[in-house]
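Visitor: take a look and give me a structure for this.
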Amino acid sequence: MTINRLLIANRGEIAVRIIRAARELGIETVQVHSSADADSRAVQMADQAIDIGPPAAAKSYLNVDAILAAAKASGADAIHPGYGFLAENASFADAVTAAGLVFVGPDGDTIRLMGDKAAARREAQKAGVPTVPGSDGVIDDIDAAMDLAQSIGFPVMIKAAAGGGGRGIRIANSADEFRTLAAQASAEAKAAFGDGGIYIEKVIERARHIEVQVLGDGTDVVHCFERECSMQRRRQKVWEEAPSTALGEEARKALCDSAVALAAAVNYRGAGTIEYLYDDVSGDFYFIEMNTRIQVEHPVTEMVCGIDLVAEMIQVAGGAPLSVGQSDIQLRGHAIEVRLNAEDPGNNFMPFPGQIGELTTPDGPGVRFDHMLYRGYQIPPFYDSLLGKLIVWGRDRDHAMARLERALGELTISGLPTTAPLFQVLLKSDEVRSNSVHTRWLEPWLEDNAD
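Guide: Below you'll find the predicted structure:
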């Protein structure tokens, strides 16, 4: 089916990104928005905009009936969910398809399968992909969970079977901690996702977070190499790179091949990311989950592979085969992305919605700034604090670091604090310069550098 008019069921910088990709494909765009986003950049850019409800996401961006009604009223024939909100909601994908529309992403059954972490783990094992030692499925009995945790050995990670974004996760360092934290993780998962099921995994000390970008058309699957996302705060990524300098060519091939095997096993269609923990000491890697959507950090992959991932997923959703084969996808140089949030790093990263004053955006060779900003824009207090992403490319990592330092120096966003100063300080860290970080590195560093 040819897509002629695309409805974007999201907001912020990802909505702007999707509008740009659609425009290059000759596709008209419809931007749905809450009343709080009536003056957003995406609304201004789209061919058509429709108000779908009040500021609360539950009454607007999570309101399936309102989104489908907007699609019908606008004559849209496809819906792109972006990331967050309904992007990995299998029931939403089903509803879009049932309404006779194209869902830009995998079908509901695939989202349902890979969104259940325990089921995804079993699928990975069937595909021969290594998984972290842990429970084979959801555990409802705390005593059984305790027995397994003790046999695996502490520390263990207690994880929600559903959901994501770091919610429903606890690390128990001893048996004494386990019962309390398991109950907390289950309760948080139940409140956030309506599912209190948990499973447990062995904690890999000093692990790196490495993920592989895949593209599929339901028949063929390719990978676009890996990204490293080890620099995290509260399990939220703040700095991403492609490729990972921690991997040699043999490890890179094994990792990427395993991602393709898993995606092919579920006949994957669209853009997706398969996430791993990589053990620096042993060189082993372990599957942790699959994200069945475009990710915040997708631009670093685009910069090193020269592929428009958003355009590719739109074309595949419309029935086209992948435009590239594996041999067409080559790594070139190094890219880094930093997430610019409306938060105050000096005040425990307190969110700070405010009005954009002076705005100077960086440009020049190898610099890309994906954002939703304009002078005078009032940042709504109702949503995620992400303002945009600063992405740089260089011929190697040192060159990319130099460009990032230059680009941050050119960036001016007045009227509210942002996380930009944090990255200027991180660039001076010896560990960052040498890429000696891991998933548990940033938080102690922040404590040590609080002043």
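
Visitor: run a quick neighbour tally on the closest residue to residue 330 other than its chain neighbours.
Guide: Nearest non-adjacent residue to residue 330, counting by Cβ to Cβ, 6 or more residues apart in numbering: residue 305, 7.2 Å away. Where you see a C-beta, it was placed from the backbone N, CA and C, and this is true even at glycine. By other Cβ atoms under 10 Å, 22 other residues sit near residue 305.

Visitor: what's near enough to touch residue 305?
Guide: Contacts for residue 305 (Cβ atoms under 8 Å, 6 or more residues apart in numbering) come out as 224-225, 329-332.

Visitor: go with 10 Å
Guide: Residue 305 makes contact with 213, 223-225, 242-243, 324, 328-332, 335, according to Cβ atoms under 10 Å, 6 or more residues apart in numbering.

Visitor: may I see the buried residues of stretch 41-60?
Guide: Neighbour counts using 16 or more other Cβ atoms under 10 Å place 41-43, 45-46, 48-50, 52-53, 57, 60 of stretch 41-60 among the buried residues.

Visitor: correction: the previous question concerned stretch 332-342.
Guide: By 16+ other Cβ under 10 Å, the buried positions in stretch 332-342 come out as 333-342.

Visitor: just stretch 78-97 next, same as before
Guide: Using 16+ other Cβ under 10 Å as the test for burial, stretch 78-97 gives 78-90, 92-96.

Visitor: please apply the same query to stretch 421-439.
Guide: So, applying 16+ other Cβ under 10 Å, buried residues of stretch 421-439: 422-423, 426-427, 432, 435, 437-439.

Visitor: my guess is residue 104 meets residue 309, correct?
Guide: No - assessed by Cβ atoms under 10 Å, residue 104 is found out of contact with residue 309, at 11.7 Å.

Visitor: give me the common contacts of those two.
Guide: Both residue 104 and residue 309 are in contact with 270-271, 294, where contact means Cβ under 10 Å, 6+ apart.

Visitor: could you dump these to CSV with neighbour count and secondary structure?
Guide: As requested, those are exported to CSV (neighbours: other Cβ atoms under 10 Å; DSSP: H, G, I helix; E, B strand; the rest coil):
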residue, neighbour count, secondary structure
270, 26, strand
271, 27, strand
294, 27, coil
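
Visitor: now the element after the top strand by length along the chain, going C-ward?
Guide: Determined from DSSP state E, the single longest strand within the chain is strand 221-233. Using DSSP states H and E, the helix or strand that directly follows strand 221-233 along the chain is strand 236-242.

Visitor: from the contacts of residue 305, which is closest to residue 234?
Guide: Closest approach between the contacts of residue 305 and residue 234, by Cβ to Cβ: residue 242, at 22.9 Å.

Visitor: tell me the bridge partners for the closest one.
Guide: With DSSP bridges as the criterion, residue 242 is bridged to residue 335.

Visitor: that one: neighbour count?
Guide: Residue 242 has 30 nearby residues by other Cβ under 10 Å.

Visitor: got it, and the one 3 residues further on?
Guide: Other residues within reach of residue 245, judged by other Cβ under 10 Å, total 12.

Visitor: my read: it touches residue 396, true?
Guide: Yes - with contact defined as Cβ under 10 Å, residue 245 and residue 396 form a contacting pair (9.2 Å).

Visitor: now do the shared contacts for the two.
Guide: residue 334.

Visitor: still on that earlier bit, and of the buried residues of stretch 41-60, the nearest to residue 279?
Guide: residue 57 (37.5 Å).

Visitor: quick revisit: in strands only, show me the buried residues of stretch 41-60.
Guide: Using DSSP E, the buried residues of stretch 41-60 in strands are 48-50, 52-53.

Visitor: closest to residue 113 among these?
Guide: The shortest approach to residue 113 among these belongs to residue 52, at 29.1 Å (Cβ to Cβ).

Visitor: about what we covered before: show me which pair in the ones in strands among the buried residues of stretch 41-60 is furthest apart.
Guide: Distances among these were taken as Cβ to Cβ; the most separated pair is 48 and 53, at 16.9 Å.

Visitor: put the alpha carbons of the helix or strand bottoming out on mean pLDDT in the chain into PDB.
Guide: Least confident helix or strand of the chain, by mean pLDDT, DSSP states H and E, is helix 175-193 with a mean of 82. The C-alpha trace of helix 175-193 is given here as PDB (Å, rounded to 0.1, in the frame of the first residue of the first chain):
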ATOM      1  CA  ALA A 175      19.400 -12.300  50.300                       C
ATOM      2  CA  ASP A 176      18.300  -9.800  53.000                       C
ATOM      3  CA  GLU A 177      17.600  -7.200  50.400                       C
ATOM      4  CA  PHE A 178      16.000  -9.500  47.900                       C
ATOM      5  CA  ARG A 179      12.500 -10.000  49.400                       C
ATOM      6  CA  THR A 180      11.900  -6.300  50.000                       C
ATOM      7  CA  LEU A 181      13.200  -5.200  46.600                       C
ATOM      8  CA  ALA A 182      11.300  -8.000  44.700                       C
ATOM      9  CA  ALA A 183       8.100  -6.800  46.300                       C
ATOM     10  CA  GLN A 184       8.900  -3.200  45.400                       C
ATOM     11  CA  ALA A 185       9.700  -4.000  41.800                       C
ATOM     12  CA  SER A 186       6.500  -6.000  41.400                       C
ATOM     13  CA  ALA A 187       4.400  -3.200  42.800                       C
ATOM     14  CA  GLU A 188       6.000  -0.600  40.600                       C
ATOM     15  CA  ALA A 189       5.600  -2.700  37.500                       C
ATOM     16  CA  LYS A 190       1.900  -3.300  38.400                       C
ATOM     17  CA  ALA A 191       1.300   0.400  38.800                       C
ATOM     18  CA  ALA A 192       3.200   1.500  35.700                       C
ATOM     19  CA  PHE A 193       2.300  -1.300  33.300                       C
END
